[in-house]
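Take this sequence and fold it.
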Amino acid sequence: MSNMVTRTRETGQGASFFLGHRPDGLRIQETMMMTDTSRRLLLVGNKWMSRDIIQSMMPYDWAISHSETPKDVTSHATEDDYHVGVILLDANIARYQRSLEELICRKKMCWLAILDRSLLDHPDIRQFIHQALYAYQTLPLDPQKTNALLESALDMVAVSPPDDIGGTGSSHRANEYSMVGNSTMMTRLYQAIDKIAAVDAPVLITGESGTGKELSARAIHEHSMRREGPFNTINCGALPSGLIQSELFGYEKGSFTGANHGKAGIIESTSGGTLFLDEIGDLPLDMQVNLLRFLENHRVMRVGGLKELPVDVRVLAATHVDLEKAVEEGRFREDLYHRLNVLQVSTPALRERPEDIEPLARFFFRKFSRERSAGVRGFSQESMILMRQYDWPGNIRELVNRVRRAMVMCDQRLIAPKDLGLERRQSAFRQAVTLEQARDIAEREAIGAALARNKQKILHAARELGVSRVTLYRLIDKHGIDRHGVSADDEEADLPPRVIPMPSL
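Numbering: from 1, shown residues only. Below you'll find the predicted structure:
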């Protein structure tokens with residue numbers, strides 16, 4: 001056996017670790033292996049029952065730590081302390097099942113249960129074991145079988161995906177900007193942020209609602225020379241028109257009823273940093289004049305004030321509306337539009353980068369893991385395929401909502417399409433009035449599904465469909481399928497040979 005040390009440690013609640021006895025009768029409070037820190041085992045449950053468990057497992061070199069209740073675990077166990085855990089179940093599970101489920105969801109571990117065989121007659125306990133745990137053992141304990149299950153649990157933890165921000169395969173660039181995605185569209189966005197952050201000109205960020213415009217604005221700020229200064233946001237569409245001027249520019253004491261003291265506006269309080277004006281397209285026309293004046297001379301005048309105050313602020317603005325069209329319709333000042341649109345960033349819609357949907361879904365699954373049912377482990381393959389095929393009109397905001405709802409409502413190990421509200425819809429065939437239309441619908445769905453299964457890789461999808469790459473490209477264009485994010489794989493594969501005409505003699 002490896003070298004072992006014993007010592008006593010007390011938790012904040014007074015509960016000690018590693019309760020048990022050595023064969024020579026000495027009391028064990030903590031058993032730490034000096035050779036293999038990965039074999040640390042967390043034991044949760046009744047301390048009297050745990051003594052026999054610890055003594056039975058001593059020959060197998062497990063460093064066993066004990067907590068009497070799930071809530072006690074947080075007082076001494078960090079996220080990476082343990083890879084496997086054992087829960088000692090008893091008939092009173094209803095009292096602490098919720099805290100047990102929170103512990104299981106919070107910590108990236110494999111869990112086993114040890115319980116009396118008679119407890120398996122309880123439907124609630126059977127369901128809990130089936131949904132939340134890796135395996136179980138009944139008493140009296142078989143140490144050899146238990147050790148084999150624990151070894152297997154360690155192997156399962158070893159193959160679990162990493163928890164980096166962008167999921168497996170996330171690039172350094174994505175992590176650097178706290179964004180998720182390695183698609184071509186996102187790579188272009190990262191490159192644009194790099195260039196724009198290096199200068200101090202105004203920026204207009206465009207894109208549909210829910211595409212992450214504020215996240216892009218924050219990334220620009222945090223990579224600019226103003227990163228040490230404040231980053232303040234104001235939603236121009238959320239403020240009542242009567243308050244916008246005082247919120248932006250501030251006011252002096254006595255300037256209006258209730259102004260008992262002066263107050264700096266958000267522009268003034270952002271001095272030295274970056275001001276993000278969200279939904280700038282909703283700013284009333286009368287306020288657009290004041291904002292234009294500030295952008296021209298970088299000075300503000302408080303409501304009721306008599307002199308202008310110099311302010312050093314960089315302005316980033318965002319909108320989901322077409323400002324050029326708003327200018328043509330007289331809803332937005334053309335001079336303000338040109339002042340704001342010195343530099344422009346466009347955040348891509350989610351449907352334009354389908355290869356990022358899977359890492360995004362997995363990222364939010366991990367981020368909101370405390371909300372999920374204990375037995376939910378991830379997404380089914382069909383769910384991933386349908387998520388890639390779905391248009392996502394609400395973009396990332398809609399993806400977050402669907403994933404969070406599915407995590408709560410799912411009662412199986414894998415989230416199914418019905419949990420996401422993305423069941424395959426057959427109504428399109430009912431609307432087809434001709435056989436040709438029905439064929440087109442089936443062909444388009446088959447191509448979309450093949451691309452989704454093959455992660456937008458043209459060559460692989462073409463092989464699955466039994467057509468050439470050139471034919472697949474033609475069909476994609478025929479059915480108007482978005483080619484953003486489609487990977488060409490081997491550029492020369494499946495291309496017809498090039499015929500080079502010989503010069504005439």
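
where's residue 465 relative to residue 454, distance?
Distance of residue 465 to residue 454, given as C-beta to C-beta, to the nearest Å: 10 Å. In short, each C-beta sits where N, CA and C put it, glycine included.

Find residues that contact each of those two.
Common neighbours of residue 465 and residue 454, counting by C-beta atoms under 8 Å, 6 or more residues apart in numbering, are absent.

following whichever strand or helix holds residue 289, which helix or strand shows up next?
Using DSSP states H and E, residue 289 maps to helix 285-297. Toward the C-terminus, helix 285-297 is succeeded by strand 299-300 as the next helix or strand (DSSP H and E).

If you count contacts, what does that following strand end up packed against?
strand 309-310 (3 or more C-beta pairs under 8 Å, 6 or more residues apart in numbering; DSSP states H and E).

Can you list the strands that the strand it packs on pairs with?
With DSSP bridges as the test, strand 309-310 is paired with strand 299-300 (antiparallel).

CA atoms of the helix holding residue 289 as PDB?
Presented in PDB, the C-alpha positions along helix 285-297 are these (Å, rounded to 0.1, in the frame of the first residue of the first chain):
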ATOM      1  CA  LEU A 285     -34.900  63.600 -32.700                       C
ATOM      2  CA  ASP A 286     -34.600  66.500 -30.200                       C
ATOM      3  CA  MET A 287     -32.000  64.600 -28.200                       C
ATOM      4  CA  GLN A 288     -30.100  63.700 -31.300                       C
ATOM      5  CA  VAL A 289     -29.200  67.400 -31.700                       C
ATOM      6  CA  ASN A 290     -27.600  67.500 -28.200                       C
ATOM      7  CA  LEU A 291     -25.700  64.300 -28.800                       C
ATOM      8  CA  LEU A 292     -24.400  65.500 -32.100                       C
ATOM      9  CA  ARG A 293     -23.100  68.700 -30.500                       C
ATOM     10  CA  PHE A 294     -21.300  66.600 -27.800                       C
ATOM     11  CA  LEU A 295     -19.700  64.400 -30.500                       C
ATOM     12  CA  GLU A 296     -18.500  67.500 -32.300                       C
ATOM     13  CA  ASN A 297     -16.800  69.300 -29.400                       C
END
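
Return the set of buried residues in that helix.
287-288, 290-292, 294-295 (16 or more other C-beta atoms under 10 Å).

So what touches the lengthiest helix in the chain?
With secondary structure taken from DSSP state H, the chain has its longest helix at helix 435-453. Outside helix 435-453, the residues that touch it by C-beta under 8 Å, 6+ apart are 354, 384-386, 388-389, 428-429, 432, 457-458, 461, 464-465, 472, 475-476, 479, 481, 486.

Going by neighbour count, which of the residues you listed are buried?
The buried subset of these - by 16+ other C-beta under 10 Å - is 354, 384-386, 388-389, 457-458, 461, 464-465, 472, 475-476, 486.

Just flag the most distant two among those residues.
384 and 475 (22.7 Å; C-beta to C-beta).

OK, contacts around residue 231?
217-218, 221-222, 270, 273-274, 276.

So which of these is the closest to residue 245?
Distances from residue 245 to the contacts of residue 231, taken by C-beta to C-beta, are shortest for residue 270, at 16.0 Å.

any idea how far that closest one lies from residue 355?
37 Å.

And for residue 379?
Residue 379 is 15 Å from residue 355, by C-beta to C-beta.

again, but for residue 481
14 Å.

Residue ranges in this protein under the pLDDT threshold?
1-37, 74-80, 94, 106-107, 161-177, 424-433, 484-505 (pLDDT under 70).

Go ahead and confirm residue 46 touches residue 66.
No: counting by C-beta atoms under 8 Å, residue 46 does not reach residue 66; the two are 9.9 Å apart.

Comparing the two, which shows the higher neighbour count?
residue 66 (29 against 16; other C-beta atoms under 10 Å).

Looks to me like that one is in a helix.
No: assignment of residue 66 by DSSP: H, G, I helix; E, B strand; the rest coil gives strand, placing it outside any helix.

who are the neighbours in contact with residue 44?
Applying C-beta under 8 Å, 6+ apart, the residues contacting residue 44 are 66-70, 73, 85-88, 100, 103.

which of these has the most neighbours?
In those, the most neighbours by other C-beta under 10 Å go to residue 66, 29 neighbours.

Quick check: residue 196 vs residue 159, distance?
40 Å.

before we move on, the earlier item: which pair of the buried residues of helix 285-297 spans the longest distance?
287 and 295 (12.6 Å).

returning to that earlier point: redo the buried residues of helix 285-297 as TSV? Include distance to residue 201.
Formatted as TSV, the buried residues of helix 285-297 follow (distance: C-beta to C-beta, whole Å):
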residue	distance to residue 201
287	22
288	19
290	20
291	16
292	16
294	15
295	11
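
Distance-wise, check residue 261 relative to residue 45.
59 Å.

quick one: contacts for the spatially closest residue to residue 376 that is not a sequence neighbour?
Ranked by C-beta to C-beta, 6 or more residues apart in numbering and with sequence neighbours excluded, the top spatial neighbour of residue 376 is residue 410, at 5.1 Å. Residue 410 sits next to 372-373, 376, 416, 419 when contact means C-beta under 8 Å, 6+ apart.

Need the phi and psi values for residue 410.
The phi and psi values for residue 410, taken as degrees, to the nearest 10, are phi -70, psi 130.

Repeat that for residue 147.
Dihedral angles (degrees, to the nearest 10) for residue 147: phi -60, psi -40.

again, but for residue 232
Per degrees, to the nearest 10, the backbone of residue 232 is at phi -120, psi 140.

hey, what's it bridged with?
Residues in beta-bridge contact with residue 232 (DSSP bridges): residue 275.

about what we covered before: residue 196 and residue 159: which has the busier surroundings?
Using other C-beta under 10 Å as the criterion, residue 196 and residue 159 rank with residue 196 on top: 22 against 6.

does the more buried one really touch residue 219, like I thought?
No: contact criterion C-beta under 8 Å: residue 196 and residue 219 do not qualify, at 9.6 Å.

shared neighbours of the two, which are they?
Joint contacts of residue 196 and residue 219 (C-beta under 8 Å, 6+ apart) do not exist.
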